[in-house]
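Trainee: got a structure for you, letters missing:
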């Protein structure tokens, strides 16, 4: 069984494509199992000590629709104690500068309150935004991707972040 569970929601396909690239960079499906959150249930999380959460910010600072339903109906019943949890998200830092990557911050705050230990922090250098719920202590709580304005940096960012995760997840 895979060592890492990657749970994602994707409306336009950008987050799904990034999830697949991260899966490949971490060693493929033998290491990372992809779970589309619309098809997942609470028991799926119990299979992993290392989890990656992926959710784009939707509308004005909200969760993607599939994650919104899971957040409201299922997330509180999951015990994340002892789990290392990494986050990544896609967003638009120019068009939504006041809430860039908010969904990632909303999920990280909730999962931390349920016992999850956040790993995979990412620097805010190189981004142009004015506010983000995903920014804590001068870094993002996870990998921030912007396919709308900085798609040329995505591959490099994924490579660097997954190298970091390999160490933090002890892969």
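Mentor: That came through fine. Not measured: the values here are computed from a predicted model.
Trainee: what's the burial count for the residue lying closest to residue 12 once chain neighbours are set aside?
Mentor: Closest residue to residue 12 apart from its sequence neighbours, by C-beta to C-beta, 6 or more residues apart in numbering: residue 56 at 7.7 Å. Using the backbone N, CA and C atoms, a C-beta is placed for each residue, glycine as well. As a burial measure, residue 56 scores 27 neighbours (other C-beta atoms under 10 Å).
Trainee: shouldn't residue 56 be in contact with residue 9?
Mentor: Yes. Proximity of residue 56 to residue 9 meets the contact threshold set by C-beta atoms under 8 Å, at 7.3 Å.
Trainee: now the common contact residues for the two.
Mentor: Residues touching both residue 56 and residue 9 (C-beta atoms under 8 Å, 6 or more residues apart in numbering): 15, 64.
Trainee: follow-up on the earlier one: report the separation between the residue nearest to residue 12 and residue 28.
Mentor: Per C-beta to C-beta, to the nearest Å, residue 56 is found 24 Å from residue 28.
Trainee: also residue 149?
Mentor: 30 Å.
Trainee: which one of those two has more residues nearby?
Mentor: Between residue 149 and residue 28, counted using other C-beta under 10 Å, residue 149 has the larger neighbour count: 14 against 10.
Trainee: so who does that one touch?
Mentor: By C-beta under 8 Å, 6+ apart, the residues touching residue 149 are 92, 93, 94.
Trainee: buried ones in stretch 122-130, by neighbour count?
Mentor: Neighbour-count burial for stretch 122-130, counted by 16 or more other C-beta atoms under 10 Å, picks out 122, 124, 127, 129.
Trainee: what residues does the longest strand anywhere in the chain touch?
Mentor: If you go by DSSP state E, the chain has its longest strand at strand 84-90. Applying C-beta under 8 Å, 6+ apart, the external contacts of strand 84-90 come out as 14-15, 18, 22, 49-57, 101, 103-104, 107-108, 111-112, 116-120, 134, 141-147, 161, 165, 168-169.
Trainee: among those residues, which ones are buried?
Mentor: Judged by 16+ other C-beta under 10 Å, buried ones among the contacts of strand 84-90: 14-15, 18, 22, 50-57, 101, 103-104, 107-108, 111, 116, 118-120, 134, 141-147, 161, 165, 169.
Trainee: filter these down to just the ones in helices.
Mentor: Cross-referencing the buried ones among the contacts of strand 84-90 against helices under DSSP state H gives 14, 15, 18, 22, 103, 104, 107, 108, 111, 161, 165.
Trainee: make TSV out of those residues and add distance to residue 35 and pLDDT.
Mentor: Shown next, in TSV, are those (distance: C-beta to C-beta, whole Å; pLDDT from 0 to 100):
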residue	distance to residue 35	pLDDT
14	18	94
15	13	95
18	15	97
22	13	98
103	17	95
104	17	96
107	14	96
108	18	97
111	15	97
161	19	98
165	17	97
